[in-house]
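Asker: Requesting a structural model of the entry that follows:
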Amino acid sequence: MGEALAEELQTEVAFTIPLFGGIPVHESIVVMWGIMAFIMIVVLLLTRNLKIVPGRGQAMLESAVTWVNNFLEGNMGKAGRPYFAYLGTVLLLLGISNLIGMFGFGIKPPTKDINVTVAFALLSIILIEVSTFRAQGGLKGFLSSFTKPMAIMTPINIMELGIRPLSLCMRLFGNVLGAFVVMKLIEQVCGLIVPMVFSMYFDVFDGLIQAYVFVFLTSLFMAEGMEQHEK
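Answerer: Next up is the predicted model:
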């Protein structure tokens with residue numbers, strides 16, 4: 001079990017860029033690039049020849065975009081609309097990244113690499129602080145936001161700058177890795193049928209839930225910083 005876990009955590013170097021003594025590019029990065037290229041190609045194909053009266057494919061695409069926009073607007077209000085496209089892209093990217101392992105071909109989900117989840121968390125915290133800075137009207141308002149709701153909360157609000165990305169990173173990484181550990185335990189205890197059922201749960205349901213939760217928390221943190229409270 002320990003050897004299998006260590007193997008899963010290990011990210012092999014896919015190739016090395018011959019610059020500055022060699023820059024290693026790990027397989028998780030290559031898989032992530034592949035997923036992004038796949039999303040771009042699919043989006044370009046789906047958005048060709050858009051019509052006023054949509055066909056079945058266009059209607060499904062519009063329904064998916066509407067659902068994402070309604071979900072984010074419910075969390076952030078209308079003031080968060082400039083960020084909907086980015087958050088929707090992150091939701092799609094994380095969802096595919098968590099699911100890609102179920103297709104086989106020896107591909108590991110890139111979210112099993114803690115460096116990938118750290119990068120997502122850092123991007124989220126930058127977005128949270130930028131949206132707060134813009135909503136508060138500049139540096140003065142941004143700094144004063146750390147004293148809300150009371151001045152005594154200032155140290156805690158400053159600590160949240162590090163706590164939030166850490167919690168986002170470890171929640172995503174821990175759940176993806178935890179699903180692998182549970183599956184290995186089930187495979188050792190049970191036969192063939194039960195692991196197949198649980199594999200469908202962890203690969204599909206849990207993977208999508210983790211992508212949803214990541215974007216959900218990011219949007220809530222942004223709404224808190226922008227102080228958007230819909231009546």
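
Asker: Which parts of this structure are strands?
Answerer: Counting by DSSP state E, the chain has strands at residues 13-17, 23-26.

Asker: Kindly export the first one (C-alpha atoms) in CSV.
Answerer: The C-alpha atoms that make up strand 13-17 are tabulated as CSV, following Å, rounded to 0.1, in the frame of the first residue of the first chain:
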residue,chain,number,x,y,z
VAL,A,13,9.7,14.1,-15.9
ALA,A,14,8.1,14.0,-19.3
PHE,A,15,10.9,16.0,-21.1
THR,A,16,13.5,18.6,-20.3
ILE,A,17,13.7,22.0,-21.9
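
Asker: contacting residues for the closest residue to Val213 other than its chain neighbours?
Answerer: Residue nearest to Val213 in three dimensions, not counting chain neighbours: Arg171, with 7.1 Å by CB to CB, 6 or more residues apart in numbering. For glycine as for every other residue, the C-beta is placed from the backbone atoms N, C-alpha and C. Going by CB atoms under 8 Å, 6 or more residues apart in numbering, Arg171 touches Gln210, Val213, Phe214, Leu217.

Asker: low-confidence ranges in this protein?
Answerer: Residues of the chain meeting the criterion pLDDT under 70: 1-10, 103-106, 180, 184, 187-188, 190-203, 228-231.

Asker: Spatially central residue in it, please.
Answerer: Leu94 (4.4 Å; CA atoms, centre = their mean).

Asker: tell me the contacts of it?
Answerer: Applying CB under 8 Å, 6+ apart, the residues near Leu94 are Thr111, Phe120, Leu172, Gln210, Ala211, Phe214, Val215.

Asker: next one: Ala223
Answerer: Counted by CB under 8 Å, 6+ apart, Ala223 has contacts Asn75, Met76, Gly77, Gly80.

Asker: Look up how far Thr89 lies from the last one.
Answerer: Right, Gly80. Relative to Thr89, Gly80 is positioned 15 Å away (CB to CB, to the nearest Å).

Asker: These two: which is more packed in?
Answerer: Counted by other CB atoms under 10 Å, Gly80 and Thr89 do not tie: Gly80 has more neighbours, with 20 against 15.

Asker: From Ile152, how far out is the more buried one?
Answerer: 29 Å.

Asker: List the buried residues in the longest helix along the chain.
Answerer: Counting residues, the longest helix in the chain under DSSP state H turns out to be helix 154-189. Residues 160, 164-165, 168-169, 171-173, 175-177, 179-180, 183, 186 are the ones in helix 154-189 that count as buried (16 or more other CB atoms under 10 Å).
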